[in-house]
Structures are given as C-alpha cells and as structure tokens.
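Undergrad: Fold the following.
(2 chains)
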Amino acid sequence: MSVLLIAEHNNSNLKVFTLNAIGAASKIDADIHVLVAGNNCENVAKEASAVPVVKKVLHSESPNYENYLAENLTPLIVRLAENYTHIISSANTFGKNFMPRVAALLDTSQISDIIKINSSDTFTRPIYAGNAFATVKSNDKKKCITIRPTSFDPALTSGGSSPIEKVEAADIPNVSKFIKREETKSERPELGTARVVISGGRGLQSKENFKLINAIADKLNGAVGASRAAVDAGYISNDHQVGQTGKVVVPDLYIAVGISGAIQHLAGMKESKVIVAINKDSEAPIFGIADYGLEADLFEALPQLLEELNKLNTTQK
Amino acid sequence: MKILVAVKRVIDYNVQIRVKEDGSGVHTDNVKMTTNPPDDNAIEEAVKIKESGKIKEVVVVTIGEEKAQETVRKALAVGADRGIHIKTDSYVEPLGVAKILKKIVEKEKPDLVFMGKQAIDDDCNQTGQMLAAMLGWSQGTFVSKIELKDKVMEIIREVDEGLETIEVNLPAVVTCDLRLNEPRYASLPNIMKAKKKPIEQLIAKDFGVDISNRISQLKVEEPPKRKGGVKVTSVVELVSKLKNEAKVI
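TA: Numbering: from 1, shown residues only, chains lettered A, B, ... in the order given. Okay, here's the model as predicted:
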C-alpha cells in the first residue's frame, strides 16, 4: 500500500488543509508521497519535504499547473496513480474539483469528504448535511478519497527531509483557460482554521451592519462567517459562507448572530466546541444546539458585547 | 445548440432526516421528495439561455425509480422541451450515473450539460466532474455566473478564496451553485402544457455499462447529539460564562 497525496498550494506555500490531508493519510499508510504540481513551486516542494511523515515528494513543473485547472492536473495524477493504492486530497473546492475526474478515469468510485478512517478501506462520512453518518467500505482496488480537513489534525511541518523527485509534466487537453481569481483580502485569520468565528445571518439586514460583526471578530482575533441567506442577500461575499454547500468550520468558539439555524447552516458549524447564539426569535432552531443562547436584539447586543470584551482588556491570540 | 440538464430526486431540504433503527439508511417512506435544489438552478439557467435565443432545445434527464419522473415533469413545466427518464430501482453511485449520462450524451449530442454541483442527499459532489472526464470535456464547477460566447463560455466559479473566472471550450459540463440564478415557479397553464411534453423512458440496465456499486454501505447512524445549552439573560452574563465557564475568551 502507498498513498499519493495531492498538495494544494499557491506556488509559494503549501495550503494548510494539505497538512490535515497528510495527517489523515498517515492513518491509512506510512508510505505517503506528496505530489506538488505547479509553476515555479520549488519552495512548496521543500515545504512538503520538511513534513516528517512524508516519505517522498514528487515535484512537477509546468505553466499549465499554475492555476490548478482540473482538466490540466488530471492526466498527471492519473499517470502517477498506477503506483499507488490511495489517492487523497482535501475536500475543499480544490480537491472537489479534480478528484472525481481522476476517479472516473481510474474507474473508481470516489469516497468524498470523510471524517473518520476506520481501516484502509473503510471510512465514515456525513450524508444529508451531516444529519446522518454513513460508514462505507470501498471495494475498488484503488481508492480516491477526499478528506474533511477540520476532522483531522494537521501533520507537523518541520523536522523531515524526504527526497524530492522531479516528475515530468503530462500533456494537457487544452480545453480550459484560467482568467482571474478575485480573492477576498483580509487581515483576519482564515475562516476554515480560525479559533474564533463570528457569523452573521439575514438578521443583520444590510452589508453595512456587518461592521458590528467585524468589530467583534477583530476584538477576538476571529474570522467572519455568514449564513447562505446573508450571502444571497449580498451582505457579504461567498467565501464567508458556512454550511452544507459552503465551508465547514470547527472553531473553539462560534458565535451565530441573527442566524435562525437552518439544517444546511448547522451542517457547517455544529462541531464547534462552544456555540453562542444571539437571536431575537426565541423559537430559532439555533438555540437548540447553542451552549449559550442570548435572546436579544442584535443591534443592542453586539455593541454591548464589544464593550464588555473591551473591559476584559485582554488581547486574544 | 442543445443543453442537457441532469436532475435528481431527493428528500426535500426542509425535511428532518430520520435514521432507520437498523442502521440500513434513512426513512424515505411518506417523506416529501423534491428536485435537488441546485438542479433547479441548472434547469433555470438552461431555460434562460434558450429564451435568449442562443440555444434551440433543453432536454432534461433523470435516473431513478418510477416517481423520479416527477422531477422531469417539473422541469418541463418551467420550460424544458422534453424529458428522458432512466429507470432503476436501486441506488446508483455517481460513477455509474456518469457512465449512463455519457451514453445519453453520445446519443443526444448536446453542446452543454448542466447539473447541480452536489446532491443534498449523499453530498458526493462528483457526477459532473466524472462525466466531463469520461467525455474528455472541460468543466466548470460551483458556477455562479455563465456567459455563453461563440464556441467558448466564460464562467465564474465560487471557490474557497473567493471568485474564479475561467474560460472553457464547448462542449462542456457545468455544475451549478445556488447563487447562479433564482429558479422560477411553474405557472398553472405551463404545468398543464408540460403534461403533453414527451418523456422517453429507458431502463438503466439496458445501457450495457457497468453500474454495479463499488462501495458497500456498512451502516448509517445518527451523529452524536449536541447537548442543549443554557439561555443567558444578558451580554454581561454571556461574557462572564465564556470567560469563566467555557474559558474560550
């Protein structure tokens, strides 16, 4: 057995969820090889090589890999897959995009978004927006798996020095072209890995009112999330959406403000360690899963909350 | 030009899922079923493009039991031209679904295939990408905007970092996000008209492709329940509890 792990990166650094994927892979088999395919991504290959549990880094350079178009990455992964029993990546928009292409060409039934590894062929994954957990056994010889990053501890990043092997780029089908990426720039921690997340919903009523959320996020060094309703209404951009079809977050503290708690939203945050709900509707389902519920008008509660946090006068790390 | 839209019948998104006591799955008897929500966006987008005059025909296809026809009929009522129902009584994995859809694509020769980005029952998020790979086509996944040009299509995708714009050659597979559009409701006259639109019925096992399941479902169970918490009466109390009890601030 051996694992081919597909690294996500920005051609300069590994993305943090790759470390979670490596952490998960190390529970399947000790023989983990990491593919770093990109454009001028030598530093990423070095970072992967420094991860102690990684046995080998496969480094492939091509301008075609710069923006990780699924159509371009797939031929390379399929070619390399011959030598491996498990092909693994993270279940975010990176892994979800290319892994099914790889699985289809290998004639393998992919197992998506696993949260637990029971053995090298048996895994647990959420279905129905996390309202049920299915334990499934793959009967395919090769297994294509995406892992839910927040369900696995990240691998250590230093101490290793595995060999870096150059692998030739594969031919690409030339059917798609990257044009641009509009990234939301923020000084705040990333939503997927933040220790504190404060999310706003429809109750915020406007884009401007999200400044109340932002102020508390800044005070707690947290990330800002949102319900689908808030994103649909244009209060905040899509990359903040938490839920079944958005991001899954597992912070130490999740504060849901003006969010009723549709099951699709709960799917993205109910594993958080401590959940706070602030809502003026006493019947809101979010109170059913919140550790601390405050029935209040958010426009009064949020400024007060900021004031109280300021009184604590501690800097959050 | 022609667009093929693939739709799936799923448990309605508002239904509280109940896991069967014997661990074999979830209860589906007498449970409200509906079209997978992002599949509705796929239908809407195809119909809008047809209304703009850029394509001639919208064909809608589903794979599933007899009642899955309802999802096809619903698509016909909002503007699709004709339907194909591929009948099977057993669960088909995304890999098998993609293989059947490939056969339909070879027969229908559409320029585009649309479907939802993920089905809200098995949450796999695979079928569109698998179909694109099998056909050797380009793909646009998690799409929130489409601009159809001559022989190419510009697509905006919702990705973790924000928005990504790509250009794909036709033919292509597009998996639709919920923000792509606002699906319309069918009017009564259109529902009546849809009854006369043709639905071709085919049998899944007649396609001569291997749709056997590769994954055994060993058990389905309820996730651990979160313990109900407490209500606090003021912000001061909340902050005090977070600091002294939960110790998270």
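
Undergrad: From now on I want contacts and neighbour counts done on CA atoms only, so please keep to that.
TA: Noted.

Undergrad: Just want the phi and psi numbers for the residue nearest the centre of chain B.
TA: Centre of chain B computed as the mean C-alpha position; nearest residue by C-alpha atoms, centre = their mean is residue B:116, 3.3 Å away. Here is the backbone geometry of residue B:116 (degrees, to the nearest 10): phi -70, psi 160.

Undergrad: And residue B:66, by the same measure?
TA: The main-chain torsion angles of residue B:66 are listed as degrees, to the nearest 10 and equal phi -50, psi -40.

Undergrad: which residue packs closest to it, ignoring adjacent ones?
TA: residue B:87 (6.4 Å; C-alpha to C-alpha, 6 or more residues apart in numbering or on different chains).

Undergrad: Equivalent analysis for residue A:291, please.
TA: Here the nearest residue to residue A:291 in space, its sequence neighbours aside, is residue B:229; by C-alpha to C-alpha, 6+ apart that works out to 3.9 Å.

Undergrad: about what we covered before: would you confirm that the residue nearest to the centre of chain B contacts residue B:37?
TA: Yes. When contacts are counted by C-alpha atoms under 8 Å, residue B:116 is listed as touching residue B:37 (7.4 Å).

Undergrad: any shared contact partners between these two?
TA: Counting by C-alpha atoms under 8 Å, 6 or more residues apart in numbering or on different chains, residue B:116 and residue B:37 have no contacts in common.

Undergrad: ok, now how distant is the residue nearest to the centre of chain B from residue B:101?
TA: Computed with C-alpha to C-alpha, to the nearest Å, the distance linking residue B:116 and residue B:101 is 14 Å.

Undergrad: ranges for the strands of chain B?
TA: Taking DSSP state E as the criterion, chain B contains strands spanning B:2-7, B:9-11, B:33-35, B:57-64, B:82-87, B:112-116, B:138-148, B:152-159, B:162-169, B:172-176, B:199-203, B:215-221, B:230-232.

Undergrad: again with the stretch 1-150 of chain A
TA: A:3-6, A:32-38, A:54-61, A:86-90, A:111-114, A:116-117, A:122-127, A:132-138, A:143-147 (DSSP state E, counting those that start in this stretch).

Undergrad: Same check on the stretch 201-317 of chain A?
TA: Counting by DSSP E, counting those that start in this stretch, the strands of the stretch 201-317 of chain A are A:223-226, A:253-257, A:274-279, A:292-295.

Undergrad: and the direction of the second one versus that of strand A:274-279, what angle?
TA: Relative orientation of strand A:253-257 versus strand A:274-279 (axes from the mean of the first three to the mean of the last three C-alpha atoms, to 10 degrees): 10 degrees.

Undergrad: Give me the distance from strand A:253-257 to the chain's centre.
TA: How far strand A:253-257 lies from its chain's middle: 18 Å, per C-alpha atoms, centre = their mean, to the nearest Å.

Undergrad: Same question for the first one.
TA: The offset between the C-alpha centroid of strand A:223-226 and the centroid of the whole chain comes to 14 Å, using C-alpha atoms, centre = their mean.

Undergrad: Got the domain ranges for chain A?
TA: As recorded under automatic domain parsing, the domains making up chain A are A:3-166, A:196-312.

Undergrad: Mind putting those domains into a markdown table with mean pLDDT?
TA: Conversion of those to a markdown table gives the following (pLDDT from 0 to 100):
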| stretch | mean pLDDT |
| --- | --- |
| domain A:3-166 | 97 |
| domain A:196-312 | 97 |
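
Undergrad: Dump those domains to a markdown table, plus mean neighbour count.
TA: Below are those laid out as a markdown table (neighbours: other C-alpha atoms under 10 Å in any protein chain shown):
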| stretch | mean neighbour count |
| --- | --- |
| domain A:3-166 | 21 |
| domain A:196-312 | 21 |
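
Undergrad: Residue A:199 in helix, strand or coil?
TA: For residue A:199, the assignment made with DSSP: H, G, I helix; E, B strand; the rest coil gives strand.

Undergrad: can you pull the contacts of it?
TA: Contacts for residue A:199 were tallied using C-alpha under 8 Å, 6+ apart; they are A:213, A:224-227, A:254-257, A:259.

Undergrad: that older thread, including distance to chain B, could the strands of the stretch 1-150 of chain A go into a markdown table?
TA: Supplementary listing: the strands of the stretch 1-150 of chain A in a markdown table, determined by distance: least, C-alpha to the nearest C-alpha, whole Å:
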| stretch | distance to chain B |
| --- | --- |
| strand A:3-6 | 17 |
| strand A:32-38 | 17 |
| strand A:54-61 | 21 |
| strand A:86-90 | 12 |
| strand A:111-114 | 6 |
| strand A:116-117 | 13 |
| strand A:122-127 | 5 |
| strand A:132-138 | 4 |
| strand A:143-147 | 10 |
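
Undergrad: Relative to residue A:177, which of those is closest?
TA: Shortest distance between residue A:177 and these, using C-alpha to C-alpha, is found for strand A:32-38: 15.2 Å.

Undergrad: Walk me through which strands that closest one pairs with, and which way each runs.
TA: The strands that strand A:32-38 pairs with in its sheet are strand A:3-6 (parallel), strand A:54-61 (parallel) (by DSSP bridges).

Undergrad: Now do residue B:227: how many residues are near it, please.
TA: By the other C-alpha atoms under 10 Å in any protein chain shown criterion, the neighbourhood of residue B:227 contains 10 residues.

Undergrad: Kindly report the same for the one 3 residues further on.
TA: Here the neighbour count serves as a burial measure; for residue B:230 (other C-alpha under 10 Å) it reads 15.

Undergrad: Check the gap between it and chain A for me.
TA: 5 Å (C-alpha to the nearest C-alpha, to the nearest Å).

Undergrad: Tell me the spacing between that residue and residue B:245.
TA: Using C-alpha to C-alpha, one obtains 12 Å as the distance from residue B:230 to residue B:245.

Undergrad: which neighbours do those two share?
TA: Both residue B:230 and residue B:245 lack any common contact, where contact means C-alpha under 8 Å, 6+ apart.

Undergrad: Let me see the contact set for residue 224.
TA: Let's take chain A. Listed by C-alpha under 8 Å, 6+ apart, the contact partners of residue A:224 are A:191, A:197-200, A:213-214, A:217, A:240.

Undergrad: hey, what's residue A:60 bridged with?
TA: Per DSSP bridges, residues listed as beta-bridge partners of residue A:60: residue A:37.

Undergrad: tell me the contacts of it?
TA: Residues in contact with residue A:60 (C-alpha under 8 Å, 6+ apart) are A:35-38, A:166-169.
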